[in-house]
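1. Provided below are the primary sequence and the corresponding predicted coordinates.
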Amino acid sequence: DQQVKQNSPSLSVQEGRISILNCDYTNSMFDYFLWYKKYPAEGPTFLISISSIKDKNEDGRFTVFLNKSAKHLSLHIVPSQPGDSAVYFCAASPIQGAQKLVFGQGTRLTINP
Amino acid sequence: DAGVIQSPRHEVTEMGQEVTLRCKPISGHNSLFWYRQTMMRGLELLIYFNNNVPIDDSGMPEDRFSAKMPNASFSTLKIQPSEPRDSAVYFCASSVGQGLNEKLFFGSGTQLSVL
């Protein structure tokens, strides 16, 4: 059973516009959430995280929103740039640490010039 | 820092053969993780070690899979015998400490193809 779901395998956005990547989770024990970014032939790299005590965390062009009641989080990228083209993984953990991270399937984001 | 180093980058083998994947974590990191990436399930945790000791291997799919960490700078993931359904990208990752702001650092992965 997939506890963390990214229902959109791919997303295409025009350069300069907003990219919104979505993630749903089923385990109410999750209280720490992360986004990882992966380029081809490379391993995933950490992008941004949020604790369940917050509903928003911002880092430059990247903002993560958390809706605990809906068990939903989203990653907003504004403005989108060609270098943002990558696969984005959502991950969740019942504790604030790496040992119990559960990842989603990933969403391939393509930014068109 | 060279980051997490995995070898080989690509492995093509025939069904029934033994496959060994290797990982060198970042120096000073005390936790090491093996993940498998597939299209259907994304990144799945297979096993992780703290201070060279296996902590949770509940993600290891079958007894055909085994992992060792003989010292703080080396780990292996072995599949014996391999099957076509094992074809995937296998990632090794390491981290330091626990708790606030702990992050995983991934290697570049091993692309395994079992024919």
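-> Looks like it arrived, so ask away.
2. helix/strand/coil for A:Gly83?
-> Assigned with DSSP: H, G, I helix; E, B strand; the rest coil, A:Gly83 falls in the helix class.
3. tell me the contacts of residue 7?
-> Here I'm looking at chain A. Residues near A:Asn7 by Cβ atoms under 8 Å, 6 or more residues apart in numbering or on different chains: A:22, A:24. For every residue, glycine as well, the C-beta is placed using N, CA and C.
4. meant chain B actually
-> Listed by Cβ under 8 Å, 6+ apart, the contact set of B:Ser7 reads B:21-22, B:110.
5. can you lay out those as a markdown table showing distance to chain A, pLDDT and secondary structure?
-> Formatted as a markdown table, the contacts of B:Ser7 follow (distance: Cβ to the nearest Cβ, whole Å; pLDDT from 0 to 100; DSSP: H, G, I helix; E, B strand; the rest coil):
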| residue | distance to chain A | pLDDT | secondary structure |
| --- | --- | --- | --- |
| B:Leu21 | 14 | 98 | strand |
| B:Arg22 | 15 | 98 | strand |
| B:Thr110 | 11 | 97 | strand |
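6. around chain A, which positions in chain B sit nearby?
-> Selection of chain B residues close to chain A by Cβ under 8 Å from any Cβ of the partner chain yields B:4, B:31, B:33, B:35, B:39-45, B:48, B:50, B:55-56, B:91, B:93, B:95, B:98-100, B:102-109.
7. show me those residues that map onto helices.
-> If you go by DSSP state H, the residues of chain B next to chain A have nothing in helices.
8. and the residue of chain A nearest chain B?
-> Of all residues in chain A, the one sitting closest to chain B is A:Gly43 (2.9 Å; Cβ to the nearest Cβ).
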